[in-house]
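A.B. asks: I would like the atomic coordinates for the input below:
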Amino acid sequence: MQPAVYILANRKHGTLYVGVTSKLAARVFQHRNNEVEGFTSKYGVHRLVWAETHDTMETAITREKQIKKWNRAWKVQLIEQENPEWDDLYNRLNG
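C.D. replies: Next comes the predicted model:
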């Protein structure tokens, strides 16, 4: 188990989704295959553009709640600090 906060997007500068999980690769796989009903499947938000690991689920949830309250510009800045091209980071998770 590795708690993580993550941001998905449907395209560069597109729709954003902030989530938290204990198994990042498995959770993103679920989003990508529309196994998660709701926002991400409705809007095609499947590209992993940012992730941050945490030592505990408690700190990950606190961080997720913090980021969800941010305005869009701050979220975009967070993504672009580490991933300026908004590349899909999913394939880097297991390799």
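
A.B. asks: Assign Asp88 to helix, strand or coil.
C.D. replies: Look at Asp88: counting by DSSP: H, G, I helix; E, B strand; the rest coil, its state is coil.

A.B. asks: Please list all residues in contact with it.
C.D. replies: Asp88 sits next to Arg47, Leu48, Val49 when contact means C-beta atoms under 8 Å, 6 or more residues apart in numbering. C-betas here are computed from N, CA, C, even on glycine.

A.B. asks: Buried by neighbour count: which residues of the helix or strand where the last one lies qualify?
C.D. replies: Remark: Val49 resides in strand 47-53, with elements defined by DSSP states H and E. Of the residues in strand 47-53, those buried by neighbour count under the rule 16 or more other C-beta atoms under 10 Å are Arg47, Leu48, Val49, Trp50, Ala51, Glu52.

A.B. asks: helices or strands next to the helix or strand harbouring Lys42 in the packing?
C.D. replies: When secondary structure is defined using DSSP H and E, the element that contains Lys42 is helix 39-43. If you count contacts as 3 or more C-beta pairs under 8 Å, 6 or more residues apart in numbering; DSSP states H and E, helix 39-43 packs onto strand 16-21.

A.B. asks: Give the partner strands of the strand it packs on in its sheet and their orientations.
C.D. replies: Paired with strand 16-21 in the same sheet, following DSSP bridges, are strand 4-9 (antiparallel).

A.B. asks: Identify the residues contacting the strand it pairs with?
C.D. replies: Residues from elsewhere that reach strand 4-9 (C-beta under 8 Å, 6+ apart): 15-22, 24, 27-28, 31, 40, 45-54, 60, 63-64, 67, 75, 78-79, 86.

A.B. asks: Thank you, goodbye.
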